[in-house]
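Peer 1: Fold the following.
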Amino acid sequence: MNEYSAYGVALSPSCYDFTQTRHSAYFQLSELNSGDYTWALVRDPFVAAATSGYGLDKWREEYGASRIVNSAYRNPVRNFSLQPPGAVNSRHMFGDAADLRNETRTEDEWNLMDAAALRAQPDFVEPRDGPCGLGCVHADWRNHSGDYLP
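Peer 2: As a prediction, the model looks like this:
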């Protein structure tokens, strides 16, 4: 938690916001936790049931096949240790973002993943010229309501 203030992240989570068990129907916590610890922030909208019409599981269903998570929750130390470093207020540190791998690294697969992401009603999908480039598609649900833990 001290990492958030030390790195100037606009979030002050409490111990109760972190989980060792949250997951979705398609993604286990081990896939959603790209941080340095066994605890992670995982927001409700991020792991909402696909039937809600939004979230990571909806994205996966819209794509129609399994996906590999390149990165999801990252604690601040992990976020800023990346090369290049993650954004100062990267949504990965807030527990509501994921980068799903473009396994073929082709424009066709990227376009299909991007279209599927948009149908999962994210608040933001990174453009093709963003940090992911052709390697992944980033989406987040930053403005959807919901707590970290049920």
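Peer 1: And the helices in this structure, which stretches?
Peer 2: With DSSP state H, the ranges of helices along the chain come out as 2-6, 29-32, 56-63, 76-81, 107-119.
Peer 1: what's the average pLDDT for the first one?
Peer 2: Helix 2-6 comes out with an average pLDDT of 92.
Peer 1: for that helix, packing partners?
Peer 2: Helix 2-6 sits against helix 76-81, with contacts defined as 3 or more CB pairs under 8 Å, 6 or more residues apart in numbering; DSSP states H and E. Glycine gets a C-beta too; all of them are placed from N, C-alpha and C.
Peer 1: So what touches the helix it packs on?
Peer 2: Applying CB atoms under 8 Å, 6 or more residues apart in numbering, the contact partners of helix 76-81 are 3-4, 6-7, 9, 34-36, 85-87, 90, 92-93.
Peer 1: Buried residues, it. List them.
Peer 2: Residues 76, 78-80 are the ones in helix 76-81 that count as buried (16 or more other CB atoms under 10 Å).
Peer 1: Adding pLDDT and distance to residue 19, write the residues you listed out as a markdown table.
Peer 2: Listed next are these as a markdown table, based on pLDDT from 0 to 100; distance: CB to CB, whole Å:
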| residue | pLDDT | distance to residue 19 |
| --- | --- | --- |
| 76 | 96 | 17 |
| 78 | 94 | 17 |
| 79 | 94 | 18 |
| 80 | 91 | 22 |
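Peer 1: Quickly note the distance from the closest residue to residue 38 other than its chain neighbours to residue 37.
Peer 2: Leaving aside its sequence neighbours, residue 38 sits nearest to residue 20 (CB to CB, 6 or more residues apart in numbering; 5.5 Å). Residue 20 sits 9 Å away from residue 37, going by CB to CB, to the nearest Å.
Peer 1: Thanks a lot, catch you later.
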